[in-house]
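# Structure here, sequence nowhere to be found:
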């Protein structure tokens, strides 16, 4: 059974501060984009770390310690 993406609900719940991103609300596209760049999406970071726009795995690990 395929799940449908509720883009409006995703946009309303998205914590990423890059609001002009074309992938906002399209979580699967966002994850695929960041994964392709060896990054993580902003929604996985703390609010303080997310605002740096450093989506690297190294930054995620550093800020989660």
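Alright, I've got the coordinates. Since the structure is predicted, the reported quantities are computational estimates derived from the model, not experimental observations.

# which residues touch the residue nearest the centre of the chain?
Taking C-alpha atoms, centre = their mean, the centroid of the chain lies closest to residue 41, which sits 2.6 Å from it. Contact analysis of residue 41 by C-beta atoms under 8 Å, 6 or more residues apart in numbering lists 16, 27, 30-31, 34, 55. Where you see a C-beta, it was placed from the backbone N, CA and C, and this is true even at glycine.

# rerun at 10 Å
For residue 41, the contact set (C-beta atoms under 10 Å, 6 or more residues apart in numbering) comprises 14-16, 21, 23, 27, 30-35, 50, 55.

# same thing with residue 8?
Per C-beta under 10 Å, 6+ apart, neighbours of residue 8: residue 25.

# a strand runs through it, doesn't it?
No: counting by DSSP: H, G, I helix; E, B strand; the rest coil, residue 8 is not part of a strand but helix.

# In this protein, what residue spans correspond to helices?
7-13, 27-36, 47-50, 57-64 (DSSP state H).

# what packs against the second one?
For helix 27-36, the elements it packs on are helix 7-13, judged by 3 or more C-beta pairs under 10 Å, 6 or more residues apart in numbering; DSSP states H and E.

# swap the cut-off to 8 Å and go again
On a contact count with 3 or more C-beta pairs under 8 Å, 6 or more residues apart in numbering; DSSP states H and E, helix 27-36 meets no helix or strand.
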